[in-house]
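[1] predicted model follows, preceded by the sequence.
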Amino acid sequence: MEELREARKAERRNVRDTVEDKKFKKTNRKGEDRNYRERENDRRARLPPRPSAQYEKYTSFNTRKKTILCEIYNLKLLKYPANAGKQKLPPNVDMSKKCSFHDTYGHTSKDCVVLGDQLEDLSDKVYSRKVDLSTITSETRYNSCYNPDVRFRHFNRADKCNLRYNSTSILRRSTLDKGPESDPGGSNGEPVFNSSVLRNQSSIPKAFIWRPCHRATAIQELDAPVVDLDAFLRGDEASIRRTIERVAAACSTHGFFQVANHGVDASLLKAAFDCATEFFELSLCQKLHAQTKPGSMWGYAGAHTGRFSSELPWKETLSFSYHETPAGGEDVVVDYFMSTLGNEFERMGLVFQRYCEAMKRLSLVMMEMLGMSLGVERRYYREFFEDSRSIMRCNYYPPCQEPELTLGTGPHCDPTSITILQQDQVEGLQVFDGGRWRSVRPIRDALVINIGDTFMALSNGRYKSCLHRAVVNRHRERRSLAFFVCPRADRVIRPPPGEFGGTRLYPDFTWAELMEFTQCHYRADMNTLHSFTNWLFSSSFNM
Ligand SMILES: C=C1C[C@]23C[C@@]1(O)CC[C@H]2[C@]1(C)CCC[C@@](C)(C(=O)O)[C@H]1[C@@H]3C(=O)O
Ligand SMILES: O=C(O)CCC(=O)C(=O)O
Ligand SMILES: [Fe+2]
C-alpha cells in the first residue's frame, strides 16, 4: 500500500513539473513572440504603403494573371509602373514571391493589387466593347459543350463561365462567316438582318434555312385551358378546385395555358403593342443605336446575326430588363429607353414601364395559382418571385418569301420561370404536344402563360417546360410581347422542401448561372436544362 502511495505522489509531482514546464515555455514563447511581432511591425512600417484594392469583388479569371500579362504585354492595355524592375528591395524581402507586373520581389502577381485592379477594369471594358481588340489574333476554341453555332469570344471569366479554356485570349465580338449568304442584307461588313431588303429577294439566305426536322408543319390546334382569372379569384371552393385541376393537368403535360379576364387593362396591352410597332418601324440605323452589345442581352437584335451563324430566326427583337425599385426610385424601363434611344422615347419607355409593372403583378397571381395547383402554400412561389428581375422581349416577325424553310423562333423551352406572352391576331405560335406541333389560335385580350425550365426545376419536373416555336408566313407580319419572369439572380433554384416529386431531377443552381449559360455557352433550345445540368457537372469535375 505504501509503495502505491509513493508511486501516486511521484506521478503527481511529474504532472505538476510538466504543467510548470509548459507554463514557462509559454511565457517565454510569449516573450519571443512579442519580440518577433515588434520586429515584424517595424519591418512592415519600413515598407512602402500597400495600395488599397479598388473593388469589393474581383472576377476570378481561370487563367493565371501572369499568363494574361504575357499574352497582352505588347498591346499596351495596362499602365505598367515606371520603376518596374528598378525598385530597391527592402532588407529581408521574401524572394520567393515575384511580381511580373512590378518586376520585383515581395509579393506575387496573383496578390498584386495594382495588377488586379487594372485587369478588372480591362475585363469590364472588353465586355462592354469599349476596347476594340481586333488586333488580337490568338485563337480560342472552347473545349466545353459548346453549341457549334456559338462562336464568340471574350475575356474569360471563370466565375462567369467557369469554362476550361485551352488558352487565355482577350477576344472580340463574334463575326459571322463572311460568306455572301451569311451577310443577310448586311452593310459595312457587320451582318445585319435587313428584312425590307431580304424579303424582296427571290429566296432567303442559306443562314436562315432550318433543318427539315425542325420545319414540320402543324396540322391541329393545341387543346389548352383558358382560365377566367376573375372568376378564379372570386370563385367558390368548388370552381377554384376545378380551375386548379385544369391548370395542373396542362402544366403537367405541355406546360401551357391561357388566362382571360386577367385584370391587365386592355388599353395598356394595346399601347404596348403600338409602341413595339413604332419601334420596329424605325429605320434600321435608328434601331442599331439600341443594338445588343456583346455579353449583354439587352437591346435590339436582328435575327441574332451577331450570335449565331446558321439557322437564324426570321425576326427582330428588342429586349430589356425590368425590376421594381423602392417607391420614388428610378423607373428602370424609362431610363433604359431614354438612355439608349434618346429623350424623345420617354413616352415609349413609360408605356413599357407600366406594362412590365402590370405583368409583374399578374405573374405573382400566377405563382399563387401554380403553388396551389402543386399543393404547396399559396404564397410559397409568390414569395420566391416577390423580388423577381424579369426580361421583357418584343418580337417582330416580318413576312417571309419562303416561310416553310425558316422559323421565326426556333423550337425551344424558355430557360426562365414562366412566360406571360401577348400575341397579336396572326397565327404563329406553336406548342409541341402529343408528339406533334400544334398551333395556338390567338384569343383576343387573352394572355399566354407557359412554364419555363426554371419553374420545371422548381417543381422538380412535375410541371413541364413548354416546348414551343414561332413560325412565319408569306404575307403578314406578326408581333408578340414576351414577359419572362426570372427569380432574383442569386436565389437558389430547388424544389420545395420534403419529398417533392420523388428523387431530385436537377441540381441546385441560380438563375444567373442558367442565364449565363444561355448567353455565353449554349443556344437555348429544347434541351437547355439537360445540357446545362451536364455542363454544371462537367465544370465541377474540371475545377
Ligand atoms: C433567357 C432567354 C434566352 C432567350 C430569351 C429568353 O429571355 C427566353 C427565351 C430564349 C430564346 C427565345 C429561346 C430560343 C432561342 C433564342 C436565342 C431566341 O430565338 O431568341 C432565345 C433567347 C436568347 O436571346 O438567347
Ligand atoms: O412569338 C411567339 O409567339 C413566341 C416567342 C417566344 O417563344 C420567345 O420569345 O421565347
Ligand atoms: Fe419562348
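    Arrived safely, thanks for sending. Ligands and ions are numbered 1, 2, ... in the order given.
[2] residues in this structure within reach of ligand 1, list them.
    For the chain, the residues in contact with ligand 1 (C-beta under 6 Å from any ligand atom) are 297, 304, 313, 391, 393, 409-410, 412, 414-416, 484, 515, 518, 523-524. Quick note: C-beta positions are derived from backbone N, CA and C, even for glycine.
[3] change it to 5 Å
    Within the chain, the positions lying close to ligand 1 (C-beta under 5 Å from any ligand atom) are 313, 391, 409, 412, 414-415, 484, 518, 524.
[4] any chance of those in CSV, plus pLDDT and distance to residue 247?
    CSV is the format used below for the residues of the chain next to ligand 1 (pLDDT from 0 to 100; distance: C-beta to C-beta, whole Å):
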residue, pLDDT, distance to residue 247
313, 96, 30
391, 98, 23
409, 98, 24
412, 97, 22
414, 98, 18
415, 98, 22
484, 98, 19
518, 94, 27
524, 95, 25
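[5] out of those, which is most surrounded?
    Using other C-beta atoms under 10 Å as the neighbour criterion, residue 414 leads those with 28 neighbours.
[6] sorry, back to before: so can I have TSV of the residues of the chain next to ligand 1 showing distance to residue 510?
    Output for the residues of the chain next to ligand 1, formatted as TSV (distance: C-beta to C-beta, whole Å):
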residue	distance to residue 510
313	27
391	15
409	25
412	21
414	17
415	12
484	16
518	13
524	17
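[7] out of those residues, list just those in strands.
    Among those, the members found in strands (DSSP state E) are 391, 409, 412, 484.
[8] nearest spatial neighbour of the second one, chain-adjacent residues omitted?
    Closest residue to residue 409 in three dimensions, ignoring its sequence neighbours and counting by C-beta to C-beta, 6 or more residues apart in numbering: residue 470, at 4.0 Å.
[9] closest to ligand 2 among the ones in strands among the residues of the chain next to ligand 1?
    For those, the minimum distance to ligand 2 (C-beta to the nearest ligand atom) is 4.6 Å, reached by residue 409.
[10] and the residue nearest to residue 409, what are its bridge partners?
    Assessed by DSSP bridges, residue 470 has beta-bridge partners residue 409, residue 429.
[11] residues contacting it?
    For residue 470, the contacting residues are 315, 395, 397, 407-409, 428-430, 478, 480, by C-beta atoms under 8 Å, 6 or more residues apart in numbering.
[12] same list, those residues, but only the ones touching ligand 2.
    Subset of those in contact with ligand 2: 395, 409, 429, 480, counting by C-beta under 5 Å from any ligand atom.
[13] residue contacts, residue 338?
    Contacts of residue 338 (C-beta under 8 Å, 6+ apart): 345-346, 349.
[14] is it possible to get a markdown table of those that adds secondary structure, pLDDT and neighbour count?
    Shown next, in a markdown table, are these (DSSP: H, G, I helix; E, B strand; the rest coil; pLDDT from 0 to 100; neighbours: other C-beta atoms under 10 Å):
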| residue | secondary structure | pLDDT | neighbour count |
| --- | --- | --- | --- |
| 345 | helix | 96 | 22 |
| 346 | helix | 96 | 16 |
| 349 | helix | 98 | 23 |
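[15] nearest to residue 262, of the residues of the chain next to ligand 1?
    Set against residue 262, the nearest of the residues of the chain next to ligand 1 by C-beta to C-beta is residue 484 (17.0 Å).
[16] pretty sure that closest one sits against residue 412.
    No: in this structure, residue 484 is not within contact of residue 412 by C-beta atoms under 8 Å, at 12.0 Å.
[17] around ligand 2, which positions in the stretch 401-543 of the chain sit nearby?
    409, 429, 470, 480, 482.
[18] mind running it again at 8 Å?
    Residues of the stretch 401-543 of the chain lying close to ligand 2 by C-beta under 8 Å from any ligand atom are 408-409, 412, 414, 419, 421, 423, 428-429, 440, 448, 450, 468-470, 478-480, 482, 484.
[19] residue 352: what secondary structure?
    helix (DSSP: H, G, I helix; E, B strand; the rest coil).
[20] so what pLDDT did it get?
    Predicted confidence (pLDDT) for residue 352: 98.
[21] for the residue nearest to it when sequence neighbours are not counted, what are phi and psi?
    Sequence neighbours aside, residue 333 is the residue nearest to residue 352 in space, at 4.9 Å (criterion: C-beta to C-beta, 6+ apart). Dihedral pair for residue 333: phi -70, psi -40, per degrees, to the nearest 10.
[22] got it, and residue 480?
    phi -150, psi 150.
[23] quick one on the thing from earlier: identify the farthest-apart pair in the ones next to ligand 2 among the contacts of residue 470.
    Spanning the widest gap among the ones next to ligand 2 among the contacts of residue 470 are 395 and 429, at 10.1 Å by C-beta to C-beta.
[24] quickly list what's touching both of the two.
    Counting by C-beta under 8 Å, 6+ apart, the shared contacts of residue 395 and residue 429 are 470, 480.
[25] give me every residue in the chain lying close to ligand 2.
    So the chain meets ligand 2 at 315, 317, 393, 395, 397, 408-409, 412, 414, 419, 421, 423, 428-429, 440, 448, 450, 468-470, 478-480, 482, 484 (C-beta under 8 Å from any ligand atom).
[26] quick check on those residues: which are buried?
    Neighbour counting with 16 or more other C-beta atoms under 10 Å marks 315, 317, 393, 395, 397, 408-409, 412, 414, 419, 421, 423, 428-429, 440, 448, 450, 468-470, 478-480, 482, 484 as buried within the residues of the chain next to ligand 2.
[27] in the stretch 351-500 of the chain, what residue comes closest to ligand 1?
    With C-beta to the nearest ligand atom, the shortest gap between the stretch 351-500 of the chain and ligand 1 falls at residue 412, namely 3.7 Å.
[28] what about the strands in the stretch 101-250 of the chain?
    For the stretch 101-250 of the chain, applying DSSP state E, counting those that start in this stretch gives strands covering 104-105, 220-221, 226-228.
[29] what would the ones you listed look like in JSON lines with mean neighbour count and mean pLDDT?
    JSON lines is the format used below for the strands of the stretch 101-250 of the chain (neighbours: other C-beta atoms under 10 Å; pLDDT from 0 to 100):
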{"stretch": "strand 104-105", "mean neighbour count": "18", "mean pLDDT": "88"}
{"stretch": "strand 220-221", "mean neighbour count": "12", "mean pLDDT": "94"}
{"stretch": "strand 226-228", "mean neighbour count": "18", "mean pLDDT": "96"}
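[30] okay if I get the ones you listed as CSV plus distance to residue 94?
    Compiled in CSV, the strands of the stretch 101-250 of the chain are given as follows (distance: least, C-beta to C-beta, whole Å):
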stretch, distance to residue 94
strand 104-105, 7
strand 220-221, 75
strand 226-228, 69
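[31] those strands: which one's closest to residue 81?
    strand 104-105 (8.7 Å).
[32] what sits against the residue in the stretch 201-350 of the chain that ligand 1 sits nearest to?
    In the stretch 201-350 of the chain, the residue that lies nearest ligand 1 is residue 313 (4.7 Å; C-beta to the nearest ligand atom). Neighbouring residues of residue 313 by C-beta under 8 Å, 6+ apart: 303-304, 406-410.
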